[in-house]
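Trainee: everything below, folded, please.
(2 chains)
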Amino acid sequence: MKQPYHLQVNGRDCAVEAEPRKILADVLREDCGLTGTHIGCEHGVCGACTILLDGKPVRSCLVFGIQAQGADIRTVEGLADGDELHPLQQAFMEHHALQCGFCTPGFLMLGAALWESGAKPTEAELQALLSSNLCRCTGYGNIQKAIASALDARDQAPKRSGEGAP
Amino acid sequence: MKPPPFAYHAPSSLNEALQLLGRLENARVLAGGQSLMPMLNMRFAQPDHVVDINGITDLAYIRREGMMLEIGALTRQRDIEFSPLIAEACPLLREAILQVGHRQTRNRGTLGGSLCHLDPAAEMAAVAAIYGAELVIAGPQGQRTAAFAEFALDYMTTCLAPEEMLVAVRYPLWPAESGYCFIEYARRHGDFAIVSAGVLLRADASGRISQASLALGGVGAVPLKLDAIAAELIGKAGSPAVFATMAEACGDIDAMEDALITATYRRQLAKTLLRRALETAYARATGQPLPRHAQHRAA
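Mentor: Have a look, this model is predicted:
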């Protein structure tokens, strides 16, 4: 049976009426109209559906929409400021970090968690973190370069307060 | 695929959750969801009721009393990863948690969920076996405790009754100078381990092993405690030759076989991983340099 509830997505309220069994990824796409979050495997292997839940990257296929009530949900649609790309998106463009683009929203949100945490992972740590997401165009090298260069640029900009690792 | 229909319940207290579990037929407890949700999405699990315990926030805590570490069942794997208390008091648990899935899944996944799901390859189950952890279980008649060996009955099967819930896990701590190591082999970082090996050991001032606890994960339905090998280690001075001989005894364990991995391969991995884990744990216990295969690890 459908149940009404509200989600906070990218700072906006979204009224949902959905069955409790509907995963957050489907709720975002079908009920909130935010199709930027892609669904790959639906069982927590590929990471394509990665979003930020209260600032932390999680797989939105492994959370029910109804469980995300009251949480601060952020999706790839929340990254750009109007026509101005987020520095991470700009870096993905510059480093050719995408081909087909299916995995891109997931990798961007994984990167966004790092960006906002203030953390500066080593190369090995970054590789371990990124290993949670799959890219079938085998673009891992460029994805890693793009995120590393965006984090470098962040650290050269005036300091912002981080709250620990993603 | 999409999950099957179910009635959703979100209790805000342990009492409320226990009442629901006592009353409802075919109910499943949903904690971090990093194992149950894939099973629902693939329809391997078809509960009529899902009892979401994420609102029972007082089940998430890490505390130490003397030489006992108690962790609430709803504690996120992430919080174990970043806990300074665990890094200091229970480094084996920290080394193992870094090999549980990925940061993303650890952000949601819980200690209790991993233990109740009881995947044969689960790192948290192997660590509980090594420590001889005690599980605190709540039910309609109050609380009871079970040793991990009594809790882990069989393949993905625990001693929990349908109306019971795991609420906490207690680890009897080893002295700070104990050596430890948890390693595993998986086809991809963060994937299910094919085999894992975990070791806790202590050595006296002359380098003779005075206490040891070892287990393998992934080889059988539940973690395999290697008590005979541990007993044989007592009194021996550690050396690559000793550890190689001890690990050789894994050559005749009863290992699982599946469509991808043969039992022979699992036994071979068990020998190699146990030898390496023993060498690393011994080096840590005696303050020697780590063996070459472990130099990327923290001393």
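Trainee: only C-alpha atoms from now on, for both contacts and neighbour counts.
Mentor: Fine.
Trainee: now residue A:151: closest residue in space, sequence neighbours ignored.
Mentor: Closest residue in space to residue A:151, ignoring its immediate chain neighbours: residue A:115 at 6.2 Å, by CA to CA, 6 or more residues apart in numbering or on different chains.
Trainee: shouldn't the one you found be within a helix?
Mentor: Yes. Residue A:115: assigned to a helix according to DSSP: H, G, I helix; E, B strand; the rest coil.
Trainee: can you list the weak-confidence ranges in chain A?
Mentor: A:158-165 (pLDDT under 70).
Trainee: residue in it nearest to chain B?
Mentor: As assessed by CA to the nearest CA, chain B sits closest to residue A:43 within chain A, at 4.3 Å.
Trainee: tell me which element that residue is part of?
Mentor: Under the criterion DSSP states H and E, no helix or strand holds residue A:43.
Trainee: spit out the contact partners of it.
Mentor: Residues near residue A:43 by CA atoms under 8 Å, 6 or more residues apart in numbering or on different chains: A:61-62, B:37-39, B:41-42.
Trainee: what packs against the longest helix seen in chain A?
Mentor: Scanning chain A for the helix with the most residues, using DSSP state H, yields helix A:140-156. Helices and strands touching helix A:140-156, by 3 or more CA pairs under 8 Å, 6 or more residues apart in numbering or on different chains; DSSP states H and E, are helix A:87-94, helix A:104-117, helix A:123-130.
Trainee: ok, the residue most central in space within chain A - contacts?
Mentor: Nearest to the mean C-alpha position of chain A, counting by CA atoms, centre = their mean, stands residue A:109 at 2.2 Å. Residues near residue A:109 by CA under 8 Å, 6+ apart: A:50-52, A:57, A:75-76.
Trainee: would you turn those into CSV with secondary structure, distance to chain B and neighbour count?
Mentor: Shown next, in CSV, are those (DSSP: H, G, I helix; E, B strand; the rest coil; distance: CA to the nearest CA, whole Å; neighbours: other CA atoms under 10 Å in any protein chain shown):
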residue, secondary structure, distance to chain B, neighbour count
A:50, strand, 8, 33
A:51, strand, 10, 31
A:52, strand, 10, 25
A:57, strand, 5, 29
A:75, coil, 15, 23
A:76, helix, 16, 25
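Trainee: what's the local residue count around residue B:1?
Mentor: 11 (other CA atoms under 10 Å in any protein chain shown).
Trainee: measure it to residue A:36 for me?
Mentor: 20 Å (CA to CA, to the nearest Å).
Trainee: what's the local residue count around residue A:132?
Mentor: Residue A:132: 26 neighbours (other CA under 10 Å).
Trainee: residue in the stretch 1-150 of chain B nearest to chain A?
Mentor: For the stretch 1-150 of chain B, CA to the nearest CA, closest residue to chain A: residue B:38, 4.3 Å.
Trainee: quick one: the residue lying farthest from the centre of chain B from chain A, how far?
Mentor: Relative to the centre of chain B, the most outlying C-alpha is that of residue B:206, 31.6 Å out, by CA atoms, centre = their mean. Note on residue B:206: its distance to chain A, by CA to the nearest CA, to the nearest Å, is 37 Å.
Trainee: show me the contacts for the residue nearest the centre of chain B.
Mentor: Residue closest to the average C-alpha location in chain B (CA atoms, centre = their mean): residue B:124, at 1.6 Å. By CA under 8 Å, 6+ apart, the contact list for residue B:124 reads B:93, B:96-97, B:111, B:114-115.
Trainee: what does the stretch 151-299 of chain B put close to chain A?
Mentor: By CA under 8 Å from any CA of the partner chain, the part of the stretch 151-299 of chain B that sits against chain A consists of B:189-190.
Trainee: now do the strands in the stretch 151-299 of chain B.
Mentor: Counting by DSSP state E, counting those that start in this stretch, one finds strands in the stretch 151-299 of chain B at the ranges B:152-154, B:157-158, B:165-172, B:179-185, B:195-203, B:209-217, B:224-225.
Trainee: distance from the chain centre to the third one, please.
Mentor: Taking CA atoms, centre = their mean, to the nearest Å, one finds strand B:165-172 lying 12 Å from the centre of the chain it belongs to.
Trainee: now do the second one
Mentor: Relative to the centre of its chain, strand B:157-158 is centred 14 Å away, using CA atoms, centre = their mean.
Trainee: which other helices and strands contact that strand?
Mentor: helix B:111-117.
Trainee: what's the offset of the helix it packs on from the middle of its chain?
Mentor: Chain-centre distance of helix B:111-117: 9 Å, with CA atoms, centre = their mean.
Trainee: and it, anywhere near chain A?
Mentor: No. Against chain A, helix B:111-117 shows no contacts by CA under 8 Å from any CA, the least distance being 13.6 Å.
Trainee: and that helix, what does it pack onto?
Mentor: Against helix B:111-117 (3+ CA pairs under 8 Å, 6+ apart) you get helix B:123-131, strand B:157-158, strand B:165-172.
Trainee: so where is chain B shaky, pLDDT-wise?
Mentor: Short version for chain B, where the test is pLDDT under 70: B:296-299.
Trainee: buried residues in the longest helix along it?
Mentor: Criterion DSSP H: the longest helix present in chain B is helix B:263-286. Applying a neighbour-count criterion of 16 or more other CA atoms under 10 Å in any protein chain shown, one finds B:263-264, B:266-286 buried in helix B:263-286.
Trainee: do the same with stretch B:51-60
Mentor: B:51-54, B:56, B:59-60.
Trainee: turn the helices and strands packed on helix A:140-156 into JSON lines, including distance to residue B:120.
Mentor: Listed next are those as JSON lines, based on distance: least, CA to CA, whole Å:
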{"stretch": "helix A:87-94", "distance to residue B:120": "39"}
{"stretch": "helix A:104-117", "distance to residue B:120": "29"}
{"stretch": "helix A:123-130", "distance to residue B:120": "23"}
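Trainee: return the most buried member of these.
Mentor: helix A:104-117 (a mean of 25; mean count of other CA atoms under 10 Å in any protein chain shown).
Trainee: that one: how far from the chain's middle?
Mentor: Distance, centroid of helix A:104-117 to centroid of chain: 5 Å (CA atoms, centre = their mean).
Trainee: do the same with stretch B:56-70
Mentor: Worked out by CA atoms, centre = their mean, stretch B:56-70 lies 17 Å from the chain centre.
Trainee: let me know which of the helices and strands packed on helix B:111-117 is tucked in deepest.
Mentor: Mean neighbour counts for the helices and strands packed on helix B:111-117 (mean count of other CA under 10 Å) peak at helix B:123-131, with a mean of 27.
Trainee: restricting to C-alpha, output the helix or strand that comes right after that helix in PDB.
Mentor: As assigned by DSSP H and E, the chain's next helix or strand after helix B:123-131 is strand B:134-139. Coordinates of each C-alpha in strand B:134-139 appear next as PDB, following Å, rounded to 0.1, in the frame of the first residue of the first chain:
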ATOM      1  CA  GLU B 134      29.600 -13.100  23.700                       C
ATOM      2  CA  LEU B 135      26.300 -12.000  22.100                       C
ATOM      3  CA  VAL B 136      23.600 -10.300  24.100                       C
ATOM      4  CA  ILE B 137      20.200 -11.300  22.800                       C
ATOM      5  CA  ALA B 138      16.900  -9.700  23.800                       C
ATOM      6  CA  GLY B 139      13.600 -11.500  23.700                       C
END
